[in-house]
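A.B. asks: how does the following fold in three dimensions:
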Amino acid sequence: MATFLALYRGESVSAAKLVALTAESSLVSEFAARMLAEPEESEADPVLHELKRGRRRALELVNSEQE
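C.D. replies: This is a model prediction of the structure:
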């Protein structure tokens with residue numbers, strides 16, 4: 001399965017325009033690794049906590065696929 005990064009710019013998410021798109025594995029891996037290097041923020045709401053945990057796990061999987 002392809003994993004890619006997209007860079008958007010705009011006044012808001014709904015008005016943003018695509019600036020760049022890449023599936024280059026080294027860039028995807030570096031991005032995932034940088035995101036994983038950021039400290040986890042605590043979340044009191046258990047539902048939001050699980051969403052954050054799932055996103056982090058997805059980044060871990062993307063990072064391991066690219067290695």
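A.B. asks: V13 versus L21, what's the distance?
C.D. replies: Applying CB to CB, to the nearest Å, the value for L21 to V13 is 17 Å. Every residue, glycine included, has its C-beta placed from N, CA and C.
A.B. asks: which helix in the chain has the most residues?
C.D. replies: In the chain, assigned by DSSP state H, the helix with the most residues is helix 46-66.
A.B. asks: still on that earlier bit, comparing L21 and V13, which residue is more hemmed in?
C.D. replies: Set L21 next to V13 and count neighbours by other CB atoms under 10 Å: L21 wins out with 10 against 7.
A.B. asks: picking up where we left off before, how about residues contacting the longest helix of the chain?
C.D. replies: Where contact means CB atoms under 8 Å, 6 or more residues apart in numbering, the residues beyond helix 46-66 that reach it are 3, 25-26, 28-29, 32-33, 35-36, 40-41, 43.
A.B. asks: filter those residues down to just the buried residues.
C.D. replies: Applying 16 or more other CB atoms under 10 Å to those, the neighbour count classes 28-29, 32 as buried.
A.B. asks: in TSV: these, plus secondary structure, distance to N63 and pLDDT.
C.D. replies: Rendered in TSV, the data for the buried ones among the contacts of helix 46-66 read as follows (DSSP: H, G, I helix; E, B strand; the rest coil; distance: CB to CB, whole Å; pLDDT from 0 to 100):
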residue	secondary structure	distance to N63	pLDDT
V28	helix	8	93
S29	helix	6	92
A32	helix	4	94
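A.B. asks: which one of these is nearest to R9?
C.D. replies: Relative to R9, the closest of the buried ones among the contacts of helix 46-66 is V28; by CB to CB it sits at 19.7 Å.
A.B. asks: these two touch, right, the closest one and M1?
C.D. replies: No - judged on CB atoms under 8 Å, V28 makes no contact with M1 at a distance of 11.9 Å.
A.B. asks: quick check, pLDDT for the residue lying farthest from the centre of the chain.
C.D. replies: Residue distances from the centre of the chain (CA atoms, centre = their mean) peak at A44, which lies 21.9 Å from the mean C-alpha position. Listed pLDDT for A44 reads 91.
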